[in-house]
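Asks: Model the following, please.
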Amino acid sequence: MIWPAEDLWLAMVARQPGLTVEVLPEIDSTNTELMRRVRAGQTEPVLLVAETQTAGRGRLGRPWHGEAGHALTFSLGLMLKPVDWSGLSLAVGLSLARSLDPQGDFGVRLKWPNDLWVQRPGTALGWGKLAGILIETALPPSAGQSGEQGRDQARYCVVGVGVNIAPPMADGLSTAPLGLQDLQSGITAPQALMKVAEPLLATLLAFERTGFAPLQNAFNARDALHQLPVTLSDGRSGVAHGVDATGALLVATAQGEEIISSSEVSVRPV
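Replies: As a prediction, this is how the structure comes out:
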C-alpha cells in the first residue's frame, strides 16, 4: 500500500510542531509501542500507523487484530493537559464519525463510550461495529521531578483507533462487524487515514482547551443508544437518555436516573 505520510505530515505539523508520521509494515500494537516509548522518556508527538497488528488491544483487554489492507490501525500520541479528561473517548469517536460520515448519510453512530456503530435498516443484522477506540495515558519518567502533582500534570496521551476497511469475519463477536467498504465502495486504509487523522488532531487540541461540554449536543445527535432499552454488565437495565456535559451516560431506571461514568461498565441495547 502507498501511504500519504508526507501529505499527512504537512497537514498536521502546523497544528502540532514537532509531529512525525511513521508507517510500519507490522507491529504488535501501535498503542503498546507508544506506551513503551513514553516509559522510555520519548514524549514527542507522533502518528504511528501499522499495516498489520499482531497483538492489538481493545477496551477491557479484548484482542483486536488488523491485517494489511483489511483494517486501518493507528495511534496518535502527544502531551495533553486538559482541565478534565472526562469524555475524551466520546470526543474522539465524534471526530471519526464526522470525518467518515460528514452528513450522516451512511448511518454511522456513536456507541458509548468508544465504538462507532452502523445501523443496517431493512436487514436482520441490526447494528454493525465499524471502529473502536482505545485511549491510554502515562506520565513520562521526568514527571516526578517536575513538582506537579496528580491531575494538574500534563500526561502523554495515546489515542488508538481501529477501523474495519474490508468486511471482517464475525465469528464469536457479540456485535457483528462491518467494513468501511460496505459503506463506501473501494475506499482504502490510506484514503480513510487521510480523512480522519488531521481532524482528530484538531479535536484533541480543542478538547485540551475546552473539554467535552461543547460537543455534548453533537454527540447526542449521533448517539446509537438514544432512547433504547439497555442492560448494564452489573445487571441493571433502563432506557438510555444520552450523555451529560462530562460525557457520562444517562440511563433512566426503575430506581431513577443513573449516571454511568465508568467505561468499565458495559452497556448493550436490548
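
Asks: So which bits of the top helix by length along the chain are buried?
Replies: In the chain, taking DSSP state H as the definition, the longest helix is helix 189-210. Under the neighbour-count criterion of 16 or more other Cβ atoms under 10 Å, helix 189-210 has 189-190, 192-198, 200-201, 203-204, 207-208 buried. Every C-beta, even on glycine, is put in place using the N, C-alpha and C of the backbone.

Asks: Quick one: list the elements packing against it.
Replies: Counting contacts by 3 or more Cβ pairs under 8 Å, 6 or more residues apart in numbering; DSSP states H and E, helix 189-210 is packed against helix 5-13, strand 46-50, strand 71-80, helix 88-100, strand 155-164.

Asks: Just the CA trace of the shortest one, in PDB.
Replies: As requested, C-alpha coordinates have been extracted for strand 46-50 and formatted as PDB (Å, rounded to 0.1, in the frame of the first residue of the first chain):
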ATOM      1  CA  VAL A  46       3.700  11.100  16.700                       C
ATOM      2  CA  LEU A  47       1.200   9.500  14.400                       C
ATOM      3  CA  LEU A  48       2.100   5.800  14.200                       C
ATOM      4  CA  VAL A  49       0.400   3.700  11.600                       C
ATOM      5  CA  ALA A  50       0.600  -0.100  11.200                       C
END
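
Asks: quick one, that strand and strand 155-164 angle?
Replies: 30 degrees (axes from the mean of the first three to the mean of the last three Cα atoms, to 10 degrees).

Asks: Need the residue closest to the centroid of this protein.
Replies: By Cα atoms, centre = their mean, the chain has its centre lying nearest to residue 133, at 2.8 Å.

Asks: Can you name the residues that contact the nearest residue to it once chain neighbours are set aside?
Replies: Spatial nearest neighbour of residue 133, chain neighbours left out: residue 114 (4.1 Å); criterion: Cβ to Cβ, 6 or more residues apart in numbering. Going by Cβ atoms under 8 Å, 6 or more residues apart in numbering, residue 114 touches 59, 89, 90, 92, 93, 132, 133, 134, 135, 263.

Asks: Residue 26: which of these is nearest?
Replies: Closest to residue 26 out of the contacts of residue 114 is residue 134 (18.7 Å), distances taken as Cβ to Cβ.

Asks: Next, the closest one: phi, psi?
Replies: The phi and psi values for residue 134, taken as degrees, to the nearest 10, are phi -130, psi 120.

Asks: For the nearest residue in space to it that is not next to it in sequence, list the residues it contacts.
Replies: The spatially closest residue to residue 134, leaving aside those adjacent along the chain, is residue 160, at 4.2 Å (Cβ to Cβ, 6+ apart). By Cβ under 8 Å, 6+ apart, the contact set of residue 160 is 29, 30, 31, 56, 57, 73, 74, 75, 133, 134, 135, 136.

Asks: The contacts of residue 114, buried ones only, as a PyMOL selection?
Replies: In PyMOL, this line selects whichever of the contacts of residue 114 come out buried by 16+ other Cβ under 10 Å:
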select buried, resi 59+89+90+92+93+132+133+134+135+263
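
Asks: Just name the closest of the contacts of residue 114 to residue 81, please.
Replies: The closest of the contacts of residue 114 to residue 81 turns out to be residue 135 (Cβ to Cβ; 15.1 Å).

Asks: and the strand or helix carrying the closest one, average pLDDT?
Replies: In this structure, residue 135 sits in strand 127-138 according to DSSP states H and E. The pLDDT scores in strand 127-138 average 94.

Asks: got the angle for that strand vs strand 155-164?
Replies: Going by the same axes, to 10 degrees, strand 127-138 is angled at 160 degrees with respect to strand 155-164.

Asks: how far does strand 127-138 sit from the chain's center?
Replies: On the basis of Cα atoms, centre = their mean, to the nearest Å, strand 127-138 sits 4 Å off its chain's mean C-alpha point.

Asks: on that earlier part again, in contact with the residue nearest to the centre of the chain: list those residues for me.
Replies: Applying Cβ under 8 Å, 6+ apart, the residues contacting residue 133 are 89, 92, 93, 96, 114, 115, 159, 160, 161.

Asks: outside of the helix or strand hosting residue 230, which residues touch it?
Replies: Using DSSP H and E, residue 230 falls within strand 229-232. Here strand 229-232 makes contact (Cβ under 8 Å, 6+ apart) with 237, 238, 239, 240, 251, 260, 265, 266, 267, 268, 269, 270.
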